[in-house]
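> Quick one, what's the 3D model for this:
(2 chains)
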Amino acid sequence: MEKFTTLTSTCIPLPIENVDTDQIIPARFLKATTREGFGDNLFADWRYDKAGNPIPSFILNNPTFSGQVLVAGKNFGSGSSREHAAWAIAGYGLKVVVSSFFADIFKGNALNNGVLPVVVSEGFLAELFASMEADPKATVTVNLEAQTIVNNANGKQESFDINSYKKGCMLNGFDDIDFLLSNKDKIEAWEVK
Amino acid sequence: MKTLFDKIWDAHVVTSVNDGPTQLYINRHFCHEVTSPQAFDGLRKRNLKVLRPEKTICTPDHNIPTIDQDKPIQDPVSRFQVDTLTKNANEFGVTLWGLGHKKNGVVHVVGPENGLTLPGSTIVCGDSHTSTHGAFGAIAFGIGTSEVEMVLASQCILQPRPKTMRINIEGELGDKVTAKDLALYIIAQQTTGGATGYFVEYAGAAIRALSMEERMTVCNLSIEMGARGGLIAPDETTFSYVKGREFAPKGEEWDKSLAYWQTLKTDEGAKFDKEVTYQAADIQPMVTYGTNPGMGMGINQSIPTLESVDEAGKISYKKSLDYMGFAAGEKIEGKAIDYVFLGSCTNGRIEDFRAFANFVKGKKKADNVIAWLVPGSWGVEKQIREEGLDKILVEAGFALRQPGCSACLAMNDDKVPAGKYAVSTSNRNFEGRQGPGARTILAGPLVAAAAAVTGKITDPRSL
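Numbering: from 1, shown residues only, chains lettered A, B, ... in the order given. Sure, this is the predicted structure:
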């Protein structure tokens, strides 16, 4: 997994609530047997028409907005446990998703793929959308070590939560399997209990 | 004083990370073709084996056709994915109930029916509807593919401990109000994200009165309000369902297990992080009108007005109703529909087929409706035939398909065309869930049966 420390980037606004993983990556794209290539189909049914042409009104097809941070309405990533949603977001080149609320399974899947979910207050989120609307080149700065996010357009800062174990994994690019297997004696001890 | 959840969780802690997740031992891992190939690949890359192969069961279900299963799968990409599961199961020495196997079926249907789902156990699968197994008093939840790899490699998973919520349903459910209606009612009250971060225990008289299959329907839908999972304390209903099933404990082992299972209940006075109570009498046959399962209402009610939605949610609400072709404030009872789907891990069990068949007995399928009746497993299919339900269905103009996830997520050819309305007993009405542009109205088996014979959204109590 890639390391994550700090990031300053422009953002892509998606002010829709309850964006479910079926929208992030529709089921018909889940037939692949590798982790690669999902970025091309991120938000496929909102992004392309039936003939496969980009729908100009959708934000990913709007050249005014780009960046490595997706800013979305509350309850992002609900529904299916498909990790393909996290692969699609990472595959598109996004490093951070900002929302006021995330679904649990998606949050875990994102962290396991080096995508940082940043939970902000409703007020901070509303202001961030407003900043982007006023200036599409508005940026945020996310600092994982300090657990802070700054809306650079208005200078406002918020702290976000992440458990220290997962934070360590992200900062160092570690994953969970090494940790789990390092406890093999404890696993065996549990089994004979 | 502990909750049922605490008792099971604490009994499975291998170790804990300071200010971090718990390493939890997993008793049973179910595996299907869609969310596992990258996990097996990961093991190969790390040169790892499956630590406890006897605890993993694989069955293809998401991708498989529901006709001509004896022939090669037409779609080459689907075929490759299903073949990859076979190859991985063989290479890593785990059990496979492949296509054509008499135990094949939807993973959350075949687990319980074969006695693999047991009270007090921890169960995971790369599928969010793993919450189904909580009906037996188990901690069961969906996981991502990286976590599937963790379980294969270590028989453990790292999980932050969720908060606990108890949902009490008091009183008795009314006539023709099903477990699905009960679940859709709870989700409508909680909203699609209202239980996020919680593990739910369902309790109260109306829950105790449910059969095992009805309990599975309720627990199955826990994820649709964001809950990590949902569970119900095991009781005589649970024990008599499990007893005698192929992989359930036998003889002395059964007695020992039963003695333990009987201790699995929330202690009096144990505290939940949140507790809510609803009255069964308030619950009507339910339908959804929007594009998430929280957008549900009694079948006679009207869609909420735009004014009733908070400011930040208005764009999403309008988008949702536009997609469905519905107007805020209107009723949907009486509207014409095009498709009916009976099946899925939510409502693909024998009781669902009994309810549907008994309702349509002596009636005829409406000409404007295409109906897909898809048993959850070959076990269910066999029982349908043994009970003669297939004859009732054929008589009424219906045909049975072969088991699989089918139109619940439309990964195979069972896709609802764009713009068409489907009354579906499945679990998600998300945009495009049943095919690009498809419009899904979630409902229970009786509302589905009523729609199938009238061709309209119909209150089953009116027929």
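
> drop to CA atoms for contacts and neighbour counts, all remaining ones
Fine.

> Nearest residue to the closest residue to chain A within the stretch 201-350 of chain B in space, ignoring adjacent ones along the chain?
For the stretch 201-350 of chain B and chain A, the shortest gap (CA to the nearest CA) falls at B:S316, measuring 5.4 Å. The shortest distance from B:S316 to any non-neighbouring residue, by CA to CA, 6 or more residues apart in numbering or on different chains, is to A:I16 (5.4 Å).

> Ramachandran coordinates for residue 54?
This is for chain A. With angles defined as degrees, to the nearest 10, A:P54 sits at phi -60, psi 140.

> Help me confirm that B:L96 comes into contact with B:T86.
Yes - using CA atoms under 8 Å, B:L96 is in contact with B:T86, at 7.0 Å.

> Just name the shakiest helix or strand of chain A by mean pLDDT.
helix A:176-181 (a mean of 90; mean pLDDT, DSSP states H and E).

> List of residues touching it?
A:169, B:23, B:149-150, B:153-154, B:156-158 (CA atoms under 8 Å, 6 or more residues apart in numbering or on different chains).

> If you count contacts, what does the next helix or strand after it end up packed against?
Using DSSP states H and E, the next helix or strand after helix A:176-181 towards the C-terminus is helix A:184-192. For helix A:184-192, the packing partners by 3 or more CA pairs under 8 Å, 6 or more residues apart in numbering or on different chains; DSSP states H and E come out as strand B:13-16.

> those helices in chain A, which residues are they?
With DSSP state H as the criterion, chain A has helices at A:21-24, A:44-47, A:84-92, A:104-111, A:122-134, A:164-172, A:176-181, A:184-192.

> thought B:G115 was touching B:S240?
No - with contact defined as CA under 8 Å, B:G115 and B:S240 do not form a contacting pair (11.3 Å).

> The two - which one has more neighbours?
B:G115 (17 against 11; other CA atoms under 10 Å in any protein chain shown).

> residues contacting that one?
B:G115 touches B:242, B:245-248, counting by CA under 8 Å, 6+ apart.

> Please identify the residues of the stretch 101-250 of chain B in proximity to chain A?
Applying CA under 8 Å from any CA of the partner chain, we find that the stretch 101-250 of chain B lies next to chain A at B:126-128, B:142-146, B:149-150, B:153-154, B:156-158, B:192-193, B:196-197, B:223-224, B:226, B:228.

> Give me the ChimeraX select line for these, limited to the buried ones.
A single ChimeraX command is used to select the members of those judged buried by 16 or more other CA atoms under 10 Å in any protein chain shown:
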select /B:126,127,128,142,143,144,145,146,149,150,153,154,156,157,158,192,193,196,197,223,224,226,228
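
> hmm, back to that, return the least confident helix or strand of chain A as CSV; C-alpha atoms alone will do.
Output of helix A:176-181 as CSV, limited to C-alpha atoms (Å, rounded to 0.1, in the frame of the first residue of the first chain):
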residue,chain,number,x,y,z
ASP,A,176,-3.2,-5.8,8.2
ILE,A,177,-2.2,-9.3,7.1
ASP,A,178,1.4,-8.9,8.4
PHE,A,179,0.0,-7.8,11.7
LEU,A,180,-2.5,-10.7,11.9
LEU,A,181,0.1,-13.3,11.0
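
> Show me which residues of that helix are buried.
A:176-177, A:180-181.

> helix or strand for B:D181, which one?
helix B:179-190.

> which strands and helices sit next to that helix?
helix B:212-220, strand B:286-288, strand B:296-298.

> ok and it relative to helix B:212-220, angle-wise?
20 degrees (axes from the mean of the first three to the mean of the last three CA atoms, to 10 degrees).

> Now helix B:179-190 - C-alpha only, PDB.
Extracted C-alpha coordinates of helix B:179-190, given in PDB (Å, rounded to 0.1, in the frame of the first residue of the first chain):
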ATOM      1  CA  ALA B 179     -41.200  -9.900   8.100                       C
ATOM      2  CA  LYS B 180     -40.000  -7.900   5.000                       C
ATOM      3  CA  ASP B 181     -42.600  -5.200   5.800                       C
ATOM      4  CA  LEU B 182     -41.300  -5.200   9.400                       C
ATOM      5  CA  ALA B 183     -37.800  -4.700   8.200                       C
ATOM      6  CA  LEU B 184     -38.700  -2.000   5.600                       C
ATOM      7  CA  TYR B 185     -40.600  -0.200   8.300                       C
ATOM      8  CA  ILE B 186     -37.600  -0.200  10.700                       C
ATOM      9  CA  ILE B 187     -35.300   1.100   7.900                       C
ATOM     10  CA  ALA B 188     -37.700   3.800   6.900                       C
ATOM     11  CA  GLN B 189     -37.700   5.000  10.600                       C
ATOM     12  CA  GLN B 190     -34.000   4.700  11.000                       C
END
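
> Please pull up the helix or strand immediately following that helix.
strand B:198-203.

> For that following strand, what is the distance to the chain centroid?
16 Å (CA atoms, centre = their mean, to the nearest Å).

> just how off-centre is the helix or strand that that strand is followed by within its chain?
Counting by DSSP H and E, the element after strand B:198-203 in chain order, helix or strand, is helix B:205-208. Distance of helix B:205-208 from its chain centroid, counting by CA atoms, centre = their mean, is 19 Å.

> pull the CA atoms of helix B:205-208 into PDB?
This file holds the C-alpha atoms of helix B:205-208, laid out as PDB (Å, rounded to 0.1, in the frame of the first residue of the first chain):
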ATOM      1  CA  ALA B 205     -42.700 -10.000  21.200                       C
ATOM      2  CA  ALA B 206     -43.100  -9.500  17.400                       C
ATOM      3  CA  ILE B 207     -39.500 -10.700  16.900                       C
ATOM      4  CA  ARG B 208     -39.900 -13.700  19.200                       C
END
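
> Which pLDDT value belongs to A:M1?
As predicted, A:M1 sits at a pLDDT of 81.

> How many residues are close by it?
14.

> before we move on, what about A:T33?
20.

> Over to B:R433?
26.

> Mind checking what secondary structure it has?
Of the three states, B:R433 takes coil under DSSP: H, G, I helix; E, B strand; the rest coil.

> So which elements touch the top strand by length along chain A?
If each strand of chain A is counted by residues according to DSSP state E, the longest one is strand A:6-14. For strand A:6-14, the elements it packs on are strand A:69-72, helix A:122-134, strand A:139-143, judged by 3+ CA pairs under 8 Å, 6+ apart.

> hmm, who's touching the shortest one?
Right, the one you point to is strand A:69-72. With CA under 8 Å, 6+ apart as the criterion, strand A:69-72 contacts A:9-17, A:94-99, A:125, A:129.

> Paired strands for it, with orientation please.
strand A:6-14 (parallel), strand A:96-99 (parallel) (DSSP bridges).

> Let's see the helix or strand harbouring B:A449 as CSV, backbone CA atoms only.
Under the criterion of DSSP H and E, B:A449 resides in helix B:445-454. Taking Å, rounded to 0.1, in the frame of the first residue of the first chain, the C-alpha atoms of helix B:445-454 are listed here in CSV:
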residue,chain,number,x,y,z
PRO,B,445,-43.6,-11.6,-1.1
LEU,B,446,-47.3,-10.8,-0.7
VAL,B,447,-47.1,-7.3,-2.2
ALA,B,448,-45.1,-8.9,-5.0
ALA,B,449,-47.7,-11.6,-5.5
ALA,B,450,-50.6,-9.0,-5.5
ALA,B,451,-48.7,-7.0,-8.1
ALA,B,452,-48.0,-10.0,-10.2
VAL,B,453,-51.7,-10.9,-10.5
THR,B,454,-53.1,-7.3,-10.9
